[in-house]
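> Fold the following for me, if possible:
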Amino acid sequence: MPSVTFDLETITPLFLGGADQTIAELRPPAFRGALRYWFRAIAASITSFDEVKKWENKVFGSTDAGGAIIIRIHSPKTVSSYTLKRNNDFLGLAYLFFSTYETRGEARGCFTPGSEFKLTLQTRLSRSEDLQYLHLAIGAMWMLVKLGGLGSRSNRGGGSLGIKKEPETIGNFKIDKIKFLSHSVNVDQLASAIKDGISIIKQLYTEVLNGNKVTLTVPTSFDIINPQTAMVYLWQSQNAEENYYWDFILNSFGREYKGFRIRYKNATYDDYKEVKYWLKSGGKTTVTTIKRAAFGLPIQFYFKSLPGKKASLEATGNIKRSSSPLHIRVVRLAQGGLAVLIIHFKTQLLPNGRKLLLQSKSINKRLECSVPNQDIIDQEFIPSLSNITPVIIP
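You can find the predicted model right below:
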């Protein structure tokens, strides 16, 4: 049957496993889920949601029927348990990877950077429509390898994948236009290559799905790659040496991200002081909103000057968590350098009608606050970073 095989390698630790999280395991369902995600992110920019779901089920399957595409994974060459231990020189990395660190003597199993494995996408049948399904899956695979990640902390730099060579195909079809191997030697070239690649994938999807222009409303209910609904950037450390090591470049970015998110303030507003004064007053002051909630929930507040008093920020409706719209991964340049790729998806932080919920058991108070917009990300956080290169989304 027609198939395409990808030679992949891990750029950053890939935290992926089964029931026993101390053992690293490559699982086809994880890849299928990631491919579904990227299929939806592209397809929703060119056709209706109903059409997206119909085609997604045809390609990857549904609860009622299997999909047209089979995913096979070949054993990696290198498998080991990667133990992350706190190091005062890598507090930025610790902030991004916090849930993967060794606790109680157990390390989270992972595939170490440089681990190699093969993944094959194959059709069940060899009909003409099955070749279309295969091309759609290949497009989603390009998006995963170039823009996404896999496994735990994949949106914070974990599980970034690279391609070793152009894919091998079997069957009467070609994918010459879709270039997986990067030849970009700097971030400007890489930004241009990503733009061109997204354009090619969108053209492919438009032809197969008979897509046309769709009306998108921001914020969206799920992540969509479109100029209206997402912003993409490339970043490198000002210390050129750090841009050759995955842990150094993520640590450098993590320091910047942590510093901004933990102690956010601008000329007219200060999250830190607003919450601190609320706690100090015993809940008598008003907090209109907390802007850094745009980066996701929950948020924990501790103050050294208020011993024994702390607060947490969640949401009404018993919503404990909300995913961050900011996705981070590490990408490789052609001559060995690295860069951090940042995507801001303009998705809905909370369902309609929900509010932020600031609460503190130490003062026995709860306060509902307005949900902030996401201007803090593109208008404040991104400009605070040096060496930022925007990527145009076609």
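
> Show me the shaky parts of the stretch 201-350 of the chain.
Under the criterion pLDDT under 70, the flagged ranges of the stretch 201-350 of the chain are 267-268.

> For it, just list every one of the strands.
Shown for the stretch 201-350 of the chain, the strands assigned by DSSP state E, counting those that start in this stretch span residues 230-235, 299-302, 310-315, 326-332, 338-345.

> Columns distance to Gly139 and mean neighbour count on top of those, output as JSON lines?
Bear in mind the C-beta positions are built from the backbone N, C-alpha and C, glycine included. As requested, the strands of the stretch 201-350 of the chain are exported to JSON lines (distance: least, CB to CB, whole Å; neighbours: other CB atoms under 10 Å):
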{"stretch": "strand 230-235", "distance to Gly139": "17", "mean neighbour count": "21"}
{"stretch": "strand 299-302", "distance to Gly139": "36", "mean neighbour count": "14"}
{"stretch": "strand 310-315", "distance to Gly139": "35", "mean neighbour count": "20"}
{"stretch": "strand 326-332", "distance to Gly139": "18", "mean neighbour count": "22"}
{"stretch": "strand 338-345", "distance to Gly139": "17", "mean neighbour count": "23"}
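
> And those: which comes nearest Ile388?
Counting by CB to CB, Ile388 lies closest to strand 230-235 out of the strands of the stretch 201-350 of the chain; the figure is 5.4 Å.

> which strands and helices sit next to the closest one?
Under the contact definition 3 or more CB pairs under 8 Å, 6 or more residues apart in numbering; DSSP states H and E, strand 230-235 sits against helix 187-209, strand 338-345, strand 388-391.

> How far off centre is stretch 118-135?
Averaging C-alpha positions (CA atoms, centre = their mean, to the nearest Å) puts stretch 118-135 26 Å from its chain's average.

> what mean pLDDT does it have?
Averaged across stretch 118-135, pLDDT comes to 91.

> Also stretch 5-22?
pLDDT averaged over stretch 5-22 equals 86, rounded to a whole number.

> what's the answer for stretch 185-200, then?
Computed over stretch 185-200, the average pLDDT equals 97.

> just the CA coordinates of that stretch, formatted as CSV?
Extracted as CSV, the C-alpha positions of stretch 185-200 are listed here (Å, rounded to 0.1, in the frame of the first residue of the first chain):
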residue,chain,number,x,y,z
VAL,A,185,21.1,28.8,8.2
ASN,A,186,19.6,31.8,10.1
VAL,A,187,16.2,32.8,11.6
ASP,A,188,15.3,35.1,8.7
GLN,A,189,15.7,32.2,6.2
LEU,A,190,13.8,29.9,8.6
ALA,A,191,10.9,32.4,8.9
SER,A,192,10.6,32.6,5.2
ALA,A,193,10.8,28.8,4.9
ILE,A,194,8.0,28.3,7.5
LYS,A,195,5.9,30.9,5.7
ASP,A,196,6.4,29.1,2.3
GLY,A,197,5.7,25.7,3.9
ILE,A,198,2.4,26.8,5.5
SER,A,199,1.4,28.3,2.2
ILE,A,200,2.0,24.9,0.4
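
> which residues sit against it?
By CB atoms under 8 Å, 6 or more residues apart in numbering, the residues outside stretch 185-200 that reach it are 42, 142-143, 146-147, 177-179, 182-184, 225, 232, 234, 236, 331, 333-335, 337, 339, 389-394.

> Would you mind listing the buried residues in that stretch?
Buried residues in stretch 185-200, defined by neighbour count with 16 or more other CB atoms under 10 Å: 187, 190-191, 193-195, 197-198, 200.

> Hmm, Ser160 is touching Gly149, no?
Yes. In terms of CB atoms under 8 Å, Ser160 counts as a neighbour of Gly149; the distance is 5.0 Å.

> which residues do these two both contact?
Taking CB under 8 Å, 6+ apart as the contact definition, Ser160 and Gly149 share the neighbouring residues 12, 329.

> Over to the residue nearest to Asp130 when sequence neighbours are not counted: give its phi and psi.
Nearest residue to Asp130 in three dimensions, chain neighbours excluded: Thr123, at 4.1 Å (CB to CB, 6 or more residues apart in numbering). The phi and psi torsions at Thr123 (degrees, to the nearest 10) take the values phi -80, psi 150.

> quick one: Thr123 and Glu129 touch, right?
No. Judged on CB under 8 Å, Thr123 makes no contact with Glu129 at a distance of 9.5 Å.

> buried subset of the contacts of stretch 185-200?
With burial judged by 16+ other CB under 10 Å, the buried subset of those is 42, 142-143, 146-147, 178-179, 182, 184, 225, 232, 234, 236, 331, 333, 337, 339, 391, 393-394.

> Now tabulate the helices and strands packed on strand 230-235 in TSV and tack on distance to Tyr244.
As requested, the helices and strands packed on strand 230-235 are exported to TSV (distance: least, CB to CB, whole Å):
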stretch	distance to Tyr244
helix 187-209	14
strand 338-345	7
strand 388-391	18
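
> quick revisit: which residues are common contacts for Thr123 and Glu129?
Residues within reach of Thr123 and of Glu129 at once, by CB under 8 Å, 6+ apart, are Ala68.

> So for those two, which residue has more residues nearby?
Thr123 (23 against 12; other CB atoms under 10 Å).

> Next, please give the residue ranges for the helices of the stretch 201-350 of the chain.
246-262, 271-280 (DSSP state H, counting those that start in this stretch).

> how near is Pro351 to Gln374?
Distance of Pro351 to Gln374, computed by CB to CB, to the nearest Å: 16 Å.

> Of those two, which one has the most company?
A count of neighbours by other CB under 10 Å puts Gln374 above the other of Pro351 and Gln374, at 23 against 12.

> thinking the more buried one is in contact with Ala293, fair?
No. Using CB under 8 Å, Gln374 and Ala293 do not qualify as a contacting pair, with a distance of 9.9 Å.

> Noted, bye for now.
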